[in-house]
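K.L.:
Have a look; sequence and predicted model below, questions after that.
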Amino acid sequence: MFNVHHKLPESFWGYRQPDNLIKVRIDTHKSFHDVFRNDTPIMRLRRLIEIDRTAMNPAVYKALSDTLAQFEWVMEVQVYKAHIFNPDKFIKKCKYSE
């Protein structure tokens, strides 16, 4: 059995557009949310970097972290395609999630 997963979660006002959806097995979908909850793609990347931080060369961690930091929170709204979400509601959600 399969399920539809939103890449940019509905909780961040991600729309049901083909660019924002992926079909995955139900158990995979559940596992994905067990690990990443309702994180945005940028939040998922940050979570992975932090999980693996102690295994990384500090210079590699810093380079990845600094690159990702350019797009977190304030700039994250510019990361996603405009037709897959409501940017105003997205920003409000980010402010309340801090």
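P.N.:
Cool, the structure landed.
K.L.:
so when I look at Lys23, I'm seeing a strand, right?
P.N.:
Yes. Assessed with DSSP: H, G, I helix; E, B strand; the rest coil, Lys23 lies in a strand.
K.L.:
what's the closest non-adjacent residue to it?
P.N.:
Using Cβ to Cβ, 6 or more residues apart in numbering and skipping residues adjacent in sequence, the residue nearest Lys23 is Phe2, 5.1 Å away. C-beta: built from backbone N, CA, C; applies to glycine.
K.L.:
Look up phi and psi at that neighbour.
P.N.:
Dihedral angles of Phe2 (phi, psi; degrees, to the nearest 10) stand at phi -120, psi 160.
K.L.:
Does it touch Val24 like I think?
P.N.:
Yes. Counting by Cβ atoms under 8 Å, Phe2 does reach Val24; the two are 6.6 Å apart.
K.L.:
quick one: which of the two has more around it?
P.N.:
For Phe2 versus Val24, neighbours defined as other Cβ atoms under 10 Å are more numerous around Val24 (15 against 10).
K.L.:
in the sheet, who's paired with that one?
P.N.:
Asn3 (DSSP bridges).
K.L.:
Give me the contacts around the host helix or strand of Thr28.
P.N.:
Using DSSP states H and E, the element containing Thr28 is helix 26-36. For helix 26-36, contacts defined as Cβ atoms under 8 Å, 6 or more residues apart in numbering pick out 1-3, 5, 24, 43-44, 47.
K.L.:
And it, how far out from the chain middle?
P.N.:
14 Å (Cα atoms, centre = their mean, to the nearest Å).
K.L.:
next one: stretch 23-41
P.N.:
The answer for stretch 23-41 is 11 Å, by Cα atoms, centre = their mean.
K.L.:
where does the protein have low pLDDT?
P.N.:
For the chain, the stretches with pLDDT under 70 are 96-98.
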